[in-house]
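Undergrad: here's a sequence, model it:
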Amino acid sequence: MKDFKSGHYVNQGFYKSFQPEMINRAWHIDNIDIIHLLGQADRLIGGLNTYAKRLPDLNLYLGMHILKESTQSTKIEGTQTNIQEALFDADDIHEADKNDWSEVNNYNLAMHWAMNELEALPISSRLIRQTHKLLMDGVRGQHKQPGEYRTSQNWIGGATINDARFIPPVHMSIPDLMSDLEKFIHNDEIRFPELLKIALIHYQFETIHPFLDGNGRTGRLLIPLYLVEKKILAHPILYLSAFLEKNKTLYYENLTRVREDNDISHWFKFFLVGIMETAKEGIDTLEKIIKLTEEIERSLLTLGTRTTNARKVMMYLYEKPLINAKRIAEVTQLTPASSYKLISDLERLNILNEITGGKRGRTYVFKRYLDFFR
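TA: Have a look, this model is predicted:
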């Protein structure tokens, strides 16, 4: 894309903001390396969709994919909550860790809400703002206009705007820039590969930086939303945040390279490699889940009359692989004594592992399954 122009700097007196070009126009790909990577990425996403169809009820496992994305995307912003900690209820989290846990929980809730909302509401400023509002509810940044585009200047890096690493466009231009972005998202007349389109959308959103806080999380959340809305993914099972967190320095450097050098090709290559690596990991995870569920079903058959209740517990664990005796009693309608007998059975079958070490109020994890998402 030799004719790509990212934008220009505008003198605002004592600082210069970056004004991106509009993107709702025709694009031409002239880089053979990008075309080659695009073909590989398309094939891997096709493979991921095929593996997803092999699971009898994929919805059971989607929650863990989304929770993993929640921990990885917020980790890029500095949170320390891991996926096992994210499974706990708020009352079980130490006060010092609640801010991080809440940011992960908000991301999880926002992703679930946005995915459900896609059935009736396409990706739009309305959807983006409401998703942002859910992300910022009750966490750091909650007083920075959650759910509303900013009405003042922001910046990235540096204690003040004078030593900022990057200064996005002035707030007066945000309505026009976001309107252009929304038109580009839904412009079906432009013949442009969808994977490159979402790569460009993500870059443009992060460059506009339309909110005072939470732009990174919102922009990364847009990626799976777009892929599902455009039916590139049959289900929301591909999330890039783990790849972006692992390559965080390159992630930011490549975004900067577009703005500084008009080098969108390098960003496209990085993004497509991320799609490919993530799709491969997704296929591997789904393959392991299929094998594990088949193995566990065989082992449950050895429990005789307790098999039916054990299956009920497994259906719960595939959605949330953390449980205690009280929850097992609720899921199965068993007495406390019978619930503990079932726990013993599941421990013997190497399905449950106790993690709290106490004599009372014990918590158990479905470790072999959870390990797929660590």
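Undergrad: can I assume residue 282 is in contact with residue 240?
TA: No: counting by C-beta atoms under 8 Å, residue 240 is not a contact partner of residue 282; they are 10.8 Å apart. Just so you know, the C-beta spots here come from the backbone N, C-alpha and C atoms, and that holds for glycine as well.
Undergrad: what's the neighbour count on residue 372?
TA: 19 (other C-beta atoms under 10 Å).
Undergrad: give me the pLDDT value at it.
TA: In the prediction, the pLDDT value recorded for residue 372 is 96.
Undergrad: and for residue 310?
TA: 98.
Undergrad: quick one: residues contacting it.
TA: Going by C-beta atoms under 8 Å, 6 or more residues apart in numbering, residue 310 touches 300, 303, 342, 345, 346.
Undergrad: and the residues you listed, which of them are in strands?
TA: Secondary structure from DSSP state E places none of the contacts of residue 310 in strands.
Undergrad: which one of those residues sits in the busiest neighbourhood?
TA: Within these, residue 346 tops the neighbour count with 25 neighbours, counted by other C-beta under 10 Å.
Undergrad: you'd agree it is up against residue 352?
TA: Yes: under the criterion of C-beta under 8 Å, residue 346 makes contact with residue 352 at 4.3 Å.
Undergrad: need the overlap of contacts for those two.
TA: Listed as contacting both residue 346 and residue 352 by C-beta under 8 Å, 6+ apart are residue 364.
Undergrad: possible to save the contacts of residue 310 as a markdown table with distance to residue 367?
TA: Formatted as a markdown table, these follow (distance: C-beta to C-beta, whole Å):
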| residue | distance to residue 367 |
| --- | --- |
| 300 | 17 |
| 303 | 20 |
| 342 | 17 |
| 345 | 16 |
| 346 | 12 |
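Undergrad: how about those residues, which pair is most distant?
TA: Using C-beta to C-beta, these reach their maximum pairwise distance at 300 and 342, which is 10.9 Å.
Undergrad: and residue 358, what pLDDT?
TA: Reading off the model, residue 358 has pLDDT 67.
Undergrad: how about residue 367?
TA: With respect to pLDDT, residue 367 has a value of 97.
Undergrad: so what's it up against?
TA: So residue 367 contacts 321, 353 (C-beta under 8 Å, 6+ apart).
Undergrad: now do 6 Å
TA: By C-beta atoms under 6 Å, 6 or more residues apart in numbering, residue 367 lies in contact with residue 353.
Undergrad: check which helix or strand the nearest residue to residue 128 once chain neighbours are set aside maps to.
TA: Spatial nearest neighbour of residue 128, excluding adjacent residues (C-beta to C-beta, 6 or more residues apart in numbering): residue 218 at 6.6 Å. In this structure, residue 218 sits in helix 215-229 according to DSSP states H and E.
Undergrad: for residue 198, give me its contacts.
TA: Residue 198 sits next to 223, 226 when contact means C-beta under 6 Å, 6+ apart.
Undergrad: that one: what secondary structure?
TA: helix (DSSP: H, G, I helix; E, B strand; the rest coil).
Undergrad: now it: how far from residue 78?
TA: Taking C-beta to C-beta, to the nearest Å as the measure, residue 198 falls 25 Å from residue 78.
Undergrad: what ranges do the helices span in the stretch 251-374 of the chain?
TA: 264-300, 307-319, 325-332, 336-348, 367-370 (DSSP state H, counting those that start in this stretch).
Undergrad: how about TSV for those helices, with distance to residue 255 added?
TA: Formatted as TSV, the helices of the stretch 251-374 of the chain follow (distance: least, C-beta to C-beta, whole Å):
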stretch	distance to residue 255
helix 264-300	7
helix 307-319	35
helix 325-332	43
helix 336-348	46
helix 367-370	32
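Undergrad: for residue 212, which of the ones you listed is the nearest?
TA: Closest of the helices of the stretch 251-374 of the chain to residue 212 is helix 264-300, at 24.8 Å (criterion: C-beta to C-beta).
Undergrad: grab the most central residue of the chain for me.
TA: In the chain, the C-alpha nearest the mean C-alpha coordinate belongs to residue 69, at 3.6 Å (C-alpha atoms, centre = their mean).
Undergrad: so that residue sits right up against residue 239, yeah?
TA: Yes: counting by C-beta atoms under 6 Å, residue 69 does reach residue 239; the two are 3.7 Å apart.
Undergrad: state the distance from the closest residue to residue 257 other than its chain neighbours to residue 291.
TA: Once flanking residues are discounted, residue 257 sits nearest to residue 263: 4.8 Å by C-beta to C-beta, 6+ apart. Using C-beta to C-beta, we find residue 263 at a distance of 43 Å from residue 291.
Undergrad: name the residue in those two with the higher neighbour count.
TA: residue 263 (17 against 10).
Undergrad: show the pLDDT at that one.
TA: pLDDT, residue 263: 96.
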